[in-house]
Structure formats: structure tokens, C-alpha cells
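J.: return a 3D structure for these sequence lines:
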Amino acid sequence: HNIIVKNPSGYAEGNLLTIKKLSLQIRYRELLKKHLYLDSIVVKEPALTVMRDSEGRFNISDELIDFFRQETAWRYHINEFAIQSGIIEFNNDKKFRNDDVNIVLRGLSSERGIKTSIRGNTTYAGGRVDIEGWIYLKDESKRLNFTISSRDFSVYPLKESLSQFGIEMAKTKAKFLLHAEGDTAKGFKFSSEMEIRDTAFQFLKRNAKGIVFMAQAFLNVSDKTLIIDQTSLEAGDVTALTGNGEIRKVGDDILYSLMLKIGALDISALNIMKNVKMSGLVRSETLRIRGSSKRLVPEVSGDIHVSDANFEARDFHIGRLDAHMKLRSADGGTLNLQINDLKYGNYSVPWLQAESDFEYIDHDIIFNATGVKSRDFNVSSSQTVITVPHNGKQRGIRAEVKGLHASYPKSKAGIRNAALSLTVNKSGDVLAG
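T.: As a prediction, this is how the structure comes out:
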């Protein structure tokens with residue numbers, strides 16, 4: 001009763017582990033054969049508190065670690081090992097706290113070829129999480145089969161961490177299922193399903209009532225490669241994505257090669273600027289994305305389509321916009337726009353067509369050989385460079401245009417070979433520059 005394992009010397013006062021009651025059922029005759037045989041071990045109301053200090057030290061003594069690492073000639077077998085009403089926490093952080101931990105392991109043994117089964121549940125932020133499966137602990141290639149699931153998972157403890165990314169999850173509930181099977185020699189198959197309800201994103205005008213994520217993957221342990229067979233994401237009526245690919249660790253770098261398809265993205269749901277109304281759909285053919293953790297911008301190739309889009313903000317209005325963007329893997333592509341019913345104040349343009357090649361280098365987007373045609377005017381430029389903010393010194397978006405030509409035949413006006421620079425800053429809802 002009342003077993004206490006204190007923090008090691010040199011560490012802050014407190015307990016690493018407390019156990020209210022420990023019960024053992026031992027077959028004593030087996031001890032004469034150097035065989036520790038237990039019918040059951042029951043650990044009641046344990047509380048494990050793992051701490052890590054500013055120097056990266058854990059509150060686990062070296063002596064305790066060495067004790068569990070040392071080899072022994074004794075054989076052991078435990079029919080059942082049970083933890084009842086336990087608590088696990090890390091650094092007193094509610095994000096890593098589990099209450100009411102109840103786990104039963106059957107078939108713990110020092111012998112190879114013995115399957116150890118596990119079944120249990122825990123409570124995380126008031127929601128129940130279940131675990132069930134088995135593993136061959138002593139085999140050289142450890143085979144396993146596990147399922148972790150929850151029907152009412154609360155993400156409230158993650159509220160502060162996610163709020164900095166504009167995600168509000170105070171009322172969010174989730175259900176998920178994660179299944180893994182395989183062995184440490186060949187690798188592991190993973191399949192997962194997750195549904196998240198009532199989540200608010202800063203970039204969306206309305207809450208995503210239901211987000212459904214599904215994925216299947218294979219982890220090749222020897223090659224350090226994760227092969228994503230099939231992935232899909234649906235966020236209510238806002239967007240639908242599907243994809244697959246490969247993620248590989250090479251030295252200290254992580255390489256990725258992905259194929260992504262946008263089924264439908266509803267522009268009207270996006271919250272880009274206040275007092276701006278937008279609608280339309282974004283779709284894509286298969287997008288190929290390649291890159292590494294050491295490269296800021298990945299290589300992207302494929303086609304993106306915008307259809308039946310419209311835009312309205314104060315005196316500016318676009319009745320309909322259709323666009324086609326063709327991306328090349330070498331950091332660029334081509335862009336074609338068709339705009340109808342363009343209005344600014346009392347001025348209107350019945351139709352407008354634009355096309356340009358473009359490339360992106362670091363924080364610069366470069367448009368080459370840009371041409372704009374309409375009923376009343378034509379505009380072209382040899383190069384336009386748009387630089388987006390990327391440090392504390394640069395306040396706004398800067399555009400530099402070279403080789404600018406414009407003609408307005410109706411008024412017999414035009415510009416030839418002009419150069420133009422423009423900087424735009426946004427403060428609240430006001431654009432200035």
C-alpha cells in the first residue's frame with residue numbers, strides 16, 4: 001500500500017510515481033527453477049508524473065534506468081498485468097495529461113513467440129480513448145497490431161496552441177480511429193479516419209461543421225520512407241482534397257513528393273478581407289509537388305482552374321472571372337485570365353483578357369511578357385516583379401514594372417517603354433502607398 005518513488009536527488013521535490021495498492025499472485029514453486037511466474041499483477045490508482053527541467057533532465061534516476069536495462073538469467077511470465085484508475089502527466093501540462101487510465105496486458109513473457117495482448121482506455125479532457133491490440137515483444141522482428149479510437153475526443157487542451165494559427169476549437173469535438181499493423185523488419189501499414197465538428201478558422205467566414213480526414217500509408221522502417229497510398233480531406237461544403245505521395249528521410253533532410261487534386265474549393269467561404277464579397281470555385285487537375293525541408297518553396301506542376309468567380313469591394317466589381325494557371329516544376333508557369341463586367345466607380349470594362357508567364361524566386365513573383373487586352377485598351381510589359389513582405393524592415397508589397405506599353409485608341413493616348421514602381425501597405429481596412 002501507498003508506494004512512493006520520489007524524484008532523484010538534485011531534482012525538484014516531488015514524486016515520480018505513487019501507487020495506492022499493488023497486488024501480486026505468484027507461483028512460488030516456479031522460483032526454484034529461476035522462473036518468475038505470476039498469475040496477476042494489479043496496480044491500483046498509480047500516478048506517474050514525468051518532469052523535464054530547463055537543462056533537459058528527466059526526473060528518473062540513472063539507477064532506475066540501469067535496473068530496467070540490465071540482463072537477467074531469470075525467465076518470467078505474467079498472465080495478466082492490470083493498471084486501474086491511473087494518471088499520467090508530463091510537466092504539469094494539461095495537453096499531456098491522461099486520467100482514469102485502465103489497461104490490461106495479457107501474456108507478458110521473456111520467451112520469444114509469445115503474443116502479448118493489450119486492451120484498455122483512458123480519459124483525455126473528459127473524452128474517452130480506447131486502445132486494443134497485440135505485440136510480440138521478445139521476437140527479433142516485433143510484430144504488432146493496434147487500434148486506437150475515440151468517439152468523443154475533446155481538443156480543448158490544445159486551444160491555446162492552435163489559437164495562434166487562427167483556429168478556434170473551444171467547442172470542437174472529434175472522433176477518430178487509427179490502426180497500425182506490421183513488424184519492425186518490413187514496416188507498418190497505417191490507416192486512419194478522423195471527423196472534427198464545430199471548428200472555426202480565421203481564414204473562413206463560417207465554421208466548418210464537419211471535417212473528415214482519411215489516410216492510408218506504409219512506413220518502410222529500413223528505408224526511412226513513408227508511402228502515402230491514399231488521403232482525402234472534406235470540409236463540409238468548403239473544400240475537397242485527395243492525394244498520395246512519398247516522404248523520405250535522407251541524412252538530415254526530409255524529401256517529399258506529393259500528388260494532390262482539388263475537387264472543389266468554395267471561394268465564398270474564404271475570409272480574406274473585411275467588406276469584400278467573393279464567390280466561385282477553384283478546382284485542379286493533379287498537382288505534383290516536390291521539395292525538401294531545407295527549401296522554402298517547393299516545385300509545383302499541374303493545372304488550377306477558377307470558374308464563375310465574382311468579386312465586389314466598395315466601388316470595385318467583377319461580374320465574372322475565369323482563370324487557368326498552368327504550373328511548371330521549374331518554379332513557374334503560365335496564367336490566363338478572362339474577366340467580364342469589370343467596374344470601378346462609374347468606369348466599366350465589358351471584357352478583359354490577360355496572359356503571362358511567371359516564376360517565383362524566394363520572396364519574388366516575376367511576371368514576364370505580360371499582355372492585357374480589352375475592348376478599349378491594350379497593356380503589355382516585359383517584366384513585373386512583385387516582392388512580398390518577408391522581414392521586419394519591409395512594410396508592404398512592392399511592384400516594379402519594366403518595358404510598360406499601353407494604348408487607348410479611342411482617346412488617341414498611349415505609353416511606350418515606361419518604368420513604374422509601386423509600394424502598397426495595408427493598415428486595418430485601409431490600403432495606402
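
J.: secondary structure class for residue 67?
T.: Of the three states, residue 67 takes helix under DSSP: H, G, I helix; E, B strand; the rest coil.

J.: now the helices for the stretch 1-150 of the chain?
T.: With helices called from DSSP state H, counting those that start in this stretch, the stretch 1-150 of the chain shows them at 62-69.

J.: where does it have low pLDDT?
T.: Where the stretch 1-150 of the chain drops to pLDDT under 70, the residues are 68.

J.: again, 80 this time
T.: 10-12, 54, 56, 61-73, 95, 125-126 (pLDDT under 80).

J.: that one: strands as residue ranges?
T.: Along the stretch 1-150 of the chain, the segments classed as strands by DSSP state E, counting those that start in this stretch run 3-6, 15-26, 35-50, 75-90, 93-109, 116-124, 127-135, 143-154.

J.: how about CSV for those strands, with distance to residue 184 and mean neighbour count added?
T.: (Each C-beta comes from the backbone N, C-alpha and C, glycine too.) What follows is those, written out as CSV (distance: least, C-beta to C-beta, whole Å; neighbours: other C-beta atoms under 10 Å):
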stretch, distance to residue 184, mean neighbour count
strand 3-6, 30, 13
strand 15-26, 29, 14
strand 35-50, 25, 16
strand 75-90, 22, 17
strand 93-109, 18, 16
strand 116-124, 15, 17
strand 127-135, 10, 16
strand 143-154, 8, 16
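
J.: please name whichever of those strands is nearest to residue 414.
T.: Closest approach to residue 414 among these (C-beta to C-beta): strand 93-109, 63.2 Å.

J.: neighbouring strands of the closest one in the sheet, and parallel or not?
T.: Strand pairing for strand 93-109, determined by DSSP bridges: strand 75-90 (antiparallel), strand 116-124 (antiparallel).

J.: let's have the strands of the stretch 1-150 of the chain in JSON lines, adding distance to residue 419.
T.: Output for these, formatted as JSON lines (distance: least, C-beta to C-beta, whole Å):
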{"stretch": "strand 3-6", "distance to residue 419": "74"}
{"stretch": "strand 15-26", "distance to residue 419": "70"}
{"stretch": "strand 35-50", "distance to residue 419": "63"}
{"stretch": "strand 75-90", "distance to residue 419": "59"}
{"stretch": "strand 93-109", "distance to residue 419": "54"}
{"stretch": "strand 116-124", "distance to residue 419": "61"}
{"stretch": "strand 127-135", "distance to residue 419": "61"}
{"stretch": "strand 143-154", "distance to residue 419": "58"}
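
J.: residue 293: which of these is closest?
T.: strand 93-109 (24.7 Å).

J.: got a list of contacts for the closest one?
T.: Contacts to strand 93-109, defined as C-beta atoms under 8 Å, 6 or more residues apart in numbering, come from residues 46, 76-90, 114-125, 129, 131, 137-138, 157-158, 161.

J.: can you classify residue 318 as helix, strand or coil?
T.: Look at residue 318: counting by three-state DSSP, its state is strand.

J.: excluding its backbone neighbours, what's nearest it?
T.: Once flanking residues are discounted, residue 318 sits nearest to residue 311: 4.2 Å by C-beta to C-beta, 6 or more residues apart in numbering.

J.: to residue 56, which of the strands paired with strand 93-109 lies closest?
T.: Across the strands paired with strand 93-109, closest to residue 56 is strand 75-90 (C-beta to C-beta), at 13.7 Å.

J.: now the closest one and strand 15-26, what's the angle there?
T.: For strand 75-90 against strand 15-26, the angle by axes from the mean of the first three to the mean of the last three C-alpha atoms, to 10 degrees is 150 degrees.

J.: separation between the closest residue to residue 9 other than its chain neighbours and residue 46?
T.: Once flanking residues are discounted, residue 9 sits nearest to residue 61: 7.9 Å by C-beta to C-beta, 6+ apart. To residue 46, residue 61 is 18 Å away according to C-beta to C-beta, to the nearest Å.

J.: what do you get for residue 115?
T.: For residue 115 relative to residue 46 (C-beta to C-beta), the value is 25 Å.

J.: kindly report the same for residue 194.
T.: Taking C-beta to C-beta, one finds residue 194 at 30 Å from residue 46.

J.: same check, this time on residue 339
T.: The value you get for residue 339 to residue 46, if C-beta to C-beta is used, is 67 Å.

J.: same check, this time on residue 22
T.: Plainly put, residue 22 is 9 Å away from residue 46 if you go by C-beta to C-beta.

J.: next up, identify which helix or strand the nearest residue to residue 418 once chain neighbours are set aside is on.
T.: Spatial nearest neighbour of residue 418, excluding adjacent residues (C-beta to C-beta, 6+ apart): residue 404 at 4.2 Å. Element membership for residue 404 (DSSP states H and E) is strand 397-408.

J.: after that strand, next one along is what?
T.: Counting by DSSP H and E, the next helix or strand C-terminal to strand 397-408 is strand 413-427.

J.: who does that next one touch, helix- and strand-wise?
T.: When contacts are defined as 3 or more C-beta pairs under 8 Å, 6 or more residues apart in numbering; DSSP states H and E, strand 413-427 packs onto strand 397-408, strand 430-432.

J.: okay, those, which one's buried deepest?
T.: strand 397-408 (a mean of 16; mean count of other C-beta atoms under 10 Å).
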